[in-house]
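In: One predicted model, sequence on top.
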Amino acid sequence: MSTGAERDASTDDRPPVAWRPLSIVAGGTGLMLLLVSGQYGYHRDELYFLTAGRHLDWGYIDQPPLTPALARLMSWLFGDSLVMLRLPSTLAAVAMVLLAGMLARELGGGRTAQLVAAGCWAGAGLVLVSSHMLSTTTFDLLFAMLLSWLLLRWLRTGNQRLWLVMGAVLGVGLWNKYVLLLVGVGLIGGLLIAGPRDVLRTIWPYAGAGLALLIWLPNLIWQAANGWPQLDMAGEISSQGEFGGRLGAIPFQLVLVGPPIAAIMVAGLVRLLHTPQARPFRSLGWAYLIVLGLVLVSGGKPYYSLGLAPVLFGAGAVAVERWLAPGQTRRRSALVGAAVAVNAAFSIGIALPLWPLSWLPNTPQAWINYDGLETVGWPQLVTAVAEVRDTLPDGTSATILTGNYGEAGAIDRFGADYGLPHAYSGHNAYTTWGPPPDTATGPVIVVGYRPQRLDTFCADSTLATRIDTPHGIENDEDGTRIWICRSLREPWSALWPKLAALG
């Protein structure tokens, strides 16, 4: 294959952009997300991001700072509005739907292919679940899509300056999450396998990598100065074996996008790897397989490789467009439309807060989407903590210690309404914002610790109450115990390293 420099970039034989249908699908997706943004409540991660944003730094022990910085920005601009906190994710979802159609266009897809690709991505369960809240996953997917689209444009036009743009996107994306490194490795690996390899003998890919490193450098320096805590975090994620572990990663790929449209994604992979028409873009198919292989080997979460899934949907949508042959178009169009619509309807039902809370425990959302359950019950937890504090004669001097960052974040978000102090926790970055001062010798209100764990640092504890999540919802906080600790075994400064936990 010839290099990008040898191709005539002035010739553009792509179909026109189907702006009207793409805008309708993207706008409809954004409007739907916006309308439900204020339902139920905060997710535990959002509560954590709000507090992390108030401790803004070049990095944290469990993540880079982009999403906490967005939480701080939205809080500064719009106060305590949950709808506005989630606005960046909503806008990212709109951009992703448009990009899905643009990816299909880069692969030669016309109006139908662009619409199918956009519809598939707009209705994918992973997209709706992550875009409903402020989430690092949403931006992971967006940055991966941008890299894919830019590489496709380079493969088509040969414009070498696109490597600098790719480097900038990669650098900014690494401020969100380091998963994007897997995507970068996959894209380069795909070029090594399928070509064009001769670009790697030019300065442009290395200039792009240098720009990415330069943008990423402040966060990288922070990680180095703090002992590379992200490596410990990655090991913890791998050890958890979520989603069925390594064996479950492959089938879970299809579950995350939705079984009704999984065939389009698989067809796209086959098209990229085996059809002559897609040969110039074959490296993208290999890139997906490389990233999937890295996820399997490292024990990462299955969605880590799905940032490249929109390319597969784009190629699959082109295959669908070719499949809609004259004479059979109506029946086949109905079949494709039904698959996309059914998948979107099912994803909406499991991803978005549309059910009355009293119904939620008996819905598919409660069975499949655990994140939905994690948005219920935080104000009630804080109310319970305040009620326990009010029972204490010396409650004004109480310290609050929680077992996880969600509980601490909830107290930091809602506690001021009850005159509660900010919370301490040994969980993830909260451990770097403590410990309480050794002079804090009043009672300790301990939230979420099991008795065995509590006994390791508290010599005199009493169970104050147990929290049941409203409406019979069984989430991580259902059954949480609140204790009163009257005597610590050691000063806070000595205890604190023992309370640190990642996860």
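Out: Looks like it arrived, so ask away.
In: Could you give the secondary structure assignment for the residue nearest in space to the middle of the chain?
Out: For the chain, the residue nearest the mean C-alpha position is residue 137 (1.3 Å; CA atoms, centre = their mean). With DSSP: H, G, I helix; E, B strand; the rest coil as the basis, the three-state label of residue 137 is helix.
In: Now do it against residue 131, distance only.
Out: 9 Å (CB to CB, to the nearest Å). (Glycine included, C-beta is placed from N, CA and C.)
In: What helices and strands are in contact with the helix or strand in which residue 381 is found?
Out: According to DSSP states H and E, residue 381 maps onto helix 378-390. Contact here means 3 or more CB pairs under 8 Å, 6 or more residues apart in numbering; DSSP states H and E; on that basis helix 378-390 packs against helix 405-414, strand 444-447, strand 458-467, strand 480-488.
In: and the angle from that helix to helix 405-414?
Out: With axes from the mean of the first three to the mean of the last three CA atoms, to 10 degrees as the basis, helix 378-390 and helix 405-414 are set at 80 degrees to each other.
In: Tell me how far helix 378-390 lies from the chain's centre.
Out: Helix 378-390 sits 30 Å away from the centroid of its parent chain (CA atoms, centre = their mean, to the nearest Å).
In: On the C-terminal side of that helix, identify the next helix or strand.
Out: Moving toward the C-terminus from helix 378-390, the next helix or strand (DSSP H and E) is strand 399-402.
In: if you average pLDDT over that next one, what comes out?
Out: Strand 399-402 carries an average pLDDT of 97.
In: hey, C-alpha coordinates of it in CSV?
Out: The C-alpha trace of strand 399-402 is given here as CSV (Å, rounded to 0.1, in the frame of the first residue of the first chain):
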residue,chain,number,x,y,z
THR,A,399,-15.6,12.8,63.6
ILE,A,400,-17.2,10.9,60.7
LEU,A,401,-15.4,8.0,59.2
THR,A,402,-16.8,6.0,56.2
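In: Adjacent strands (with direction) for that strand?
Out: Note on strand 399-402: by DSSP bridges, its sheet partners are strand 424-425 (parallel), strand 444-447 (parallel).
In: so how far is residue 93 from the residue nearest to the centre of the chain?
Out: Residue 137 is 11 Å from residue 93, where distance means CB to CB.
In: Just name whatever secondary elements the helix or strand harbouring residue 92 is in contact with.
Out: Using DSSP H and E, residue 92 falls within helix 87-106. In terms of contacts (3+ CB pairs under 8 Å, 6+ apart), helix 87-106 is packed against helix 19-36, helix 66-78, helix 111-122, helix 125-131, helix 136-157, helix 309-323.
In: In a markdown table, list the ones you listed along with mean pLDDT.
Out: Shown next, in a markdown table, are those (pLDDT from 0 to 100):
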| stretch | mean pLDDT |
| --- | --- |
| helix 19-36 | 96 |
| helix 66-78 | 97 |
| helix 111-122 | 96 |
| helix 125-131 | 95 |
| helix 136-157 | 96 |
| helix 309-323 | 94 |
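In: Any idea which of those helices gets closest to residue 337?
Out: Nearest of the helices and strands packed on helix 87-106 to residue 337, taken as CB to CB: helix 111-122 at 8.4 Å.
In: Residue 477 against residue 379, yeah?
Out: No: taking contacts as CB atoms under 8 Å, residue 477 lies outside contact range of residue 379: 11.5 Å.
In: Compare neighbour counts for these two and give me the winner.
Out: More neighbours surround residue 477 than the other of residue 477 and residue 379, with 25 against 15 (other CB atoms under 10 Å).
In: for the more buried one, helix, strand, or coil?
Out: Counting by three-state DSSP, the backbone at residue 477 sits in coil.
In: and it, how far is that from residue 53?
Out: In this view, residue 477 and residue 53 are 22 Å apart by CB to CB.
In: and if you look at residue 288?
Out: Per CB to CB, residue 288 is found 33 Å from residue 53.
In: need the helices and strands packed on helix 87-106 in TSV with distance to residue 460, can you?
Out: Compiled in TSV, those are given as follows (distance: least, CB to CB, whole Å):
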stretch	distance to residue 460
helix 19-36	46
helix 66-78	37
helix 111-122	56
helix 125-131	43
helix 136-157	40
helix 309-323	54
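In: Spatially, which residue comes closest to residue 172, not counting chain neighbours?
Out: residue 215 (6.1 Å; CB to CB, 6 or more residues apart in numbering).
In: about what we covered before: residue 288 and residue 53: which has the busier surroundings?
Out: Between residue 288 and residue 53, counted using other CB under 10 Å, residue 288 has the larger neighbour count: 27 against 19.
In: which residues make contact with the helix or strand where the more buried one lies from outside it?
Out: Taking DSSP H and E as the definition, residue 288 sits inside helix 282-298. Applying CB atoms under 8 Å, 6 or more residues apart in numbering, the contact partners of helix 282-298 are 148, 151-152, 155, 182-183, 185-187, 189-191, 193-195, 234, 238, 246, 249-250, 253, 269, 272-273, 278, 300-302, 304-305, 307-309, 311-312, 315.
In: Pull out the buried residues from those residues.
Out: Applying 16 or more other CB atoms under 10 Å to the contacts of helix 282-298, the neighbour count classes 148, 151-152, 155, 182-183, 186-187, 189-191, 194-195, 234, 238, 246, 249, 253, 269, 272-273, 278, 300-302, 304-305, 307-309, 311-312, 315 as buried.
In: just checking, residue 375 touches residue 38?
Out: No: the pair residue 375 and residue 38 fails to qualify as a contact (CB under 8 Å) at a distance of 11.0 Å.
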